[in-house]
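Participant: What shape does this take:
(chains A and B)
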Amino acid sequence: MLKNRIIPCLDVKNGRVVKGINFVDLQDAGDPVEQAKIYSDGGADEICFLDITASNENRDTIYDVVERTSKKCFVPLTVGGGVRGIEDINKLLNCGADKVSINTAAVQNPEVVLESSKKFGSQCIVVAIDAKKNSDKWEIFTHGGRNNTGIDAVEFAKKMEDSGAGELLVTSMDRDGTQVGYDIELMTKISSMVNIPVIASGGVGNLDHLVDGIKLGNASAVLAASIFHYGKHSVKEAKEYLDSKGIPVRI
Amino acid sequence: MKVTIVDYNSGNISSVINSFKEVAKDKVNIEVTSDLNKIKSSDKVVLPGQGSFKSCIDALNKINGLVDTLNEFVISNKKPLLGICVGLQMFADVGFEETETKGLGWISGKVSKIDNQNGKYKLPHIGWNQINIVKDSKIFKDINNNSHMYFVHSYEFVPQDKNVISATTDYSSNIVCSVEKENIFGTQFHPEKSDKTGLKIINNFISL
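Facilitator: Numbering: from 1, shown residues only, chains lettered A, B, ... in the order given. Predicted coordinates:
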């Protein structure tokens, strides 16, 4: 039976983890490689890096991080943030990323998804959808949530599936950082609309939220950042909790 | 000993390279090349594959003499080869991804799309699934039945002779996820992404 996945996400800026796990035995709490290794040793089903480096001159730092991580972690590694086109995707894959998540570029130019999934295979193309509720629909935001495009998120999800995306990483901008739980309605809408796996993101504050994302939101995988930071919960704890709620996980 | 990972522009093989190097340490020489002479002189060959069946076959054919060299290595010289993902699928006679495409024909059978039962099963089949070991395979030495492996695929290999199947996984139906036919080994899952258990399988292949 296919298991639901738990994916810890690390925000990386200029090659350093912004919010991280605060373990005492860590040599360097800011090193993404060391943090990723702790997650993968703890049973993370995948690792996700979100590069939030703002300045262009430091963009190359993520490549070094990916290269070093892929030599130490032998679970799938997804990298997103600032991916503009085929060239960036190629570079990240060559450094050892297994999947690349595309956000703004996919909205601005959906051809990128079509082209890259043809070139590299759908299995490594994740489209990240950042959505915010506006009356009765959800609208896509780009540029790290700063720009409202007015595009309907559910329709866009379908379009991305048709363009060859292998997975959708759906983040509720309303919930992100609030720790009140995923936007279940959004997850359900999108996961029932498409036949590709949906990864729920944005808003996790406790382990029950992970359960809800899978049971109610119908997500194939749940992504979370802050609950795994500062040692609030370990990936192992999360998995045992999901297991106790009857959700199939890899233990 | 020399193990060659065939680099034929089949997509992203960094993870395959990293995992084999991790397992090999300094004991085994890992080459990554499409150089025919280097392949010929190898003890073992790894055939990765990402993207579509057609794109991988096309990429193999693009390198002059590569298919002949692999045929000689596998069929005439009977040296061990491990196919991963589409690398395994290409063992078949024919694949139906994008368009009907002739495979390498090493193990009779076809590659067709997984039946998603009218949307009941999401495709690609992505994530960790358990393998059901149905026959002893050398690459499964010290691997427990029902171990978790990492999968990413929408197509499945359906071999004619069921005796070549060494493991299946349950997704919509019992999907063939590992085969062994004499010196030919293949996994539909990605041992290079399947954590410690996956590395053990790689080690088993290297140690053959």
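Participant: mean confidence for stretch B:65-82?
Facilitator: The average pLDDT within stretch B:65-82 is 98.
Participant: now do the same end-to-end measure for it.
Facilitator: Using C-alpha to C-alpha, to the nearest Å, the span of stretch B:65-82 from its first residue to its last is 19 Å.
Participant: Secondary structure element holding A:Ser192?
Facilitator: For A:Ser192, the enclosing helix or strand under DSSP states H and E is helix A:184-193.
Participant: What lies in contact with that helix?
Facilitator: Outside of helix A:184-193, the residues within contact range by C-beta atoms under 8 Å, 6 or more residues apart in numbering or on different chains are A:129, A:131, A:133, A:138, A:153-154, A:157-158, A:168, A:170, A:172, A:198, A:200, A:212-213, A:216-220. Glycine gets a C-beta too; all of them are placed from N, C-alpha and C.
Participant: Keep only the residues you listed that also lie close to chain B.
Facilitator: Applying C-beta under 8 Å from any C-beta of the partner chain to these, one finds that A:Ser220 fall near chain B.
Participant: And the residue lying farthest from the centre of chain B, how close does it get to A:Leu169?
Facilitator: Relative to the mean C-alpha coordinate of chain B, counting by C-alpha atoms, centre = their mean, the farthest residue is B:Asn118 (28.0 Å). Using C-beta to C-beta, to the nearest Å, we find B:Asn118 at a distance of 25 Å from A:Leu169.
Participant: A:Ala224 contacts A:Gly205, correct?
Facilitator: No. With contact defined as C-beta atoms under 8 Å, A:Ala224 does not reach A:Gly205; the gap is 9.1 Å.
Participant: So these two - more neighbours on which side?
Facilitator: More neighbours surround A:Ala224 than the other of A:Ala224 and A:Gly205, with 28 against 16 (other C-beta atoms under 10 Å in any protein chain shown).
Participant: And the pLDDT at residue 30?
Facilitator: Defaulting to chain A. Confidence per residue is given as pLDDT, and for A:Gly30 that number is 84.
Participant: um, chain B though
Facilitator: For B:Ile30, the model assigns a pLDDT of 97.
Participant: In the stretch 151-251 of chain A, which residue sits closest to chain B?
Facilitator: Sorted by distance to chain B under C-beta to the nearest C-beta, the residues of the stretch 151-251 of chain A start with A:Arg250, at 4.4 Å.
Participant: What's the mean pLDDT across stretch A:35-53?
Facilitator: What stretch A:35-53 shows for mean pLDDT is 94.
Participant: could you pull out the helices for chain A?
Facilitator: Assignment of helices within chain A using DSSP state H yields the ranges A:32-41, A:61-70, A:86-95, A:104-108, A:111-120, A:153-163, A:184-193, A:207-215, A:235-244.
Participant: Just the buried residues of the first one, please?
Facilitator: By neighbour count with 16 or more other C-beta atoms under 10 Å in any protein chain shown, helix A:32-41 contains the buried residues A:Pro32, A:Val33, A:Glu34, A:Gln35, A:Ala36, A:Lys37, A:Ile38, A:Tyr39, A:Ser40.
Participant: Go through the residues you listed and name the one nearest chain B.
Facilitator: Distances from chain B to these, taken as C-beta to the nearest C-beta, are shortest for A:Ser40 (7.0 Å).
Participant: residues from chain B in reach of chain A?
Facilitator: Where proximity means C-beta under 8 Å from any C-beta, the interface of chain B facing chain A comprises B:11-12, B:14-15, B:18-19, B:21-22, B:50-52, B:55, B:116, B:119, B:122-130, B:148, B:150-154, B:170-171, B:192-196, B:198-199.
Participant: Just the residues you listed: which are in strands?
Facilitator: Counting by DSSP state E, those place B:125-130, B:148, B:150-153, B:170-171 in strands.
Participant: Hmm, B:Asn116 is touching B:His125, no?
Facilitator: No. With contact defined as C-beta under 8 Å, B:Asn116 and B:His125 do not form a contacting pair (9.2 Å).
Participant: of these two, who's got more company?
Facilitator: Residue environment comparison for B:Asn116 versus B:His125 gives the larger neighbour count to B:His125, 24 against 15, counting by other C-beta under 10 Å.
Participant: right, and that one touches B:Cys177 too?
Facilitator: No. Counting by C-beta under 8 Å, B:Cys177 is not a contact partner of B:His125; they are 9.9 Å apart.
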